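Novice: Just the structure for this:
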Amino acid sequence: MTAPDPTLIPATELARRAAWTIPGESDAYRAARTALLAEEIELRRHLARVAEQRRRLPPGAPVDGERYRFEAEDGTQTNLAGLFGDKATLVAYSAMYGPDRAQPCPMCTNLINAWDGNAQDVDQHASLVFIARAPMDKLKAWKQARGWQAVRLYRDLTDAYSKDWKGVSPDGREDWASINVFTRRDGALRHFWSGEMGGETADPGQDPRGAPDPAALWTILDMTPEGRPDGWYPRLSY
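Specialist: Numbering: from 1, shown residues only. Below is the predicted model of the structure:
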């Protein structure tokens, strides 16, 4: 674990310096809020340390990009290298929408809804793609129904990618959501990072989730007094 930077001003001191006050707040509220602000500053610093630690990972395993075949929305086929476009880094989200599902996963849909608004910005630095196993006509209908503008969808034609990179259970019966990042340096494809937080790493009473959570929905609900509703998930329609 990366150690805190000893040159930084203590979070409690930064919190005391903050000039925020809320009209009508009590002394008790301000004291509690200042204490919470110090924890939020520490969280921000920890997230920065984790991101730096991630960037310092040693070279990942080489990837045989020819092993995987994908269908693009225009019907053309490509391999893993083709998903990079002109970028050196590929961010690939595997969505839970397989050929046996009547409808796509609502949570995957919710996440892609939010990421669609950031896709063009991300694509300035890295190639962002979304991979699923359903037939392409279903994937395009999904995109049209949600009104996605910048999302780039690909169908895993052989299931090889999904099986290797946790987009489907080993027996091929259950779709899984996964995030994988790959690099292309000097013509060589390598794995860089995957989201590895799941049921095995969840704390008691907590739904499995990554850190930071990639879904904006939960970040927003975490700012409310009710927090994340127990046992609730988004729906495809309301």
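
Novice: Do a quick rundown of the strands in the protein.
Specialist: With DSSP state E as the criterion, the chain has strands at 70-72, 77-78, 89-94, 127-132, 153-156, 178-185, 188-194.

Novice: can you give me the helices for this structure?
Specialist: 11-17, 27-55, 80-83, 106-116, 119-122, 136-146, 160-164, 216-221 (DSSP state H).

Novice: Pull out the buried residues from the second one.
Specialist: Think helix 27-55. Of the residues in helix 27-55, Arg33, Leu37, Ala38, Ile41, Glu42 count as buried by neighbour count, 16 or more other CB atoms under 10 Å. For every residue, glycine as well, the C-beta is placed using N, CA and C.

Novice: Can you name every helix or strand that that helix contacts?
Specialist: Packed against helix 27-55, as judged by 3 or more CB pairs under 8 Å, 6 or more residues apart in numbering; DSSP states H and E, are the following elements: helix 11-17.

Novice: buried sites along the helix it packs on?
Specialist: Going by 16+ other CB under 10 Å, helix 11-17 has these buried residues: Ala11, Ala15.

Novice: Would you mind extracting the C-alpha trace of that helix into PDB?
Specialist: The C-alpha trace of helix 11-17 is given here as PDB (Å, rounded to 0.1, in the frame of the first residue of the first chain):
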ATOM      1  CA  ALA A  11      -6.600  16.900   6.500                       C
ATOM      2  CA  THR A  12      -7.900  18.100   9.800                       C
ATOM      3  CA  GLU A  13      -6.100  21.400   9.300                       C
ATOM      4  CA  LEU A  14      -7.400  21.800   5.700                       C
ATOM      5  CA  ALA A  15     -10.900  21.100   7.000                       C
ATOM      6  CA  ARG A  16     -10.600  23.800   9.700                       C
ATOM      7  CA  ARG A  17      -9.500  26.300   7.000                       C
END
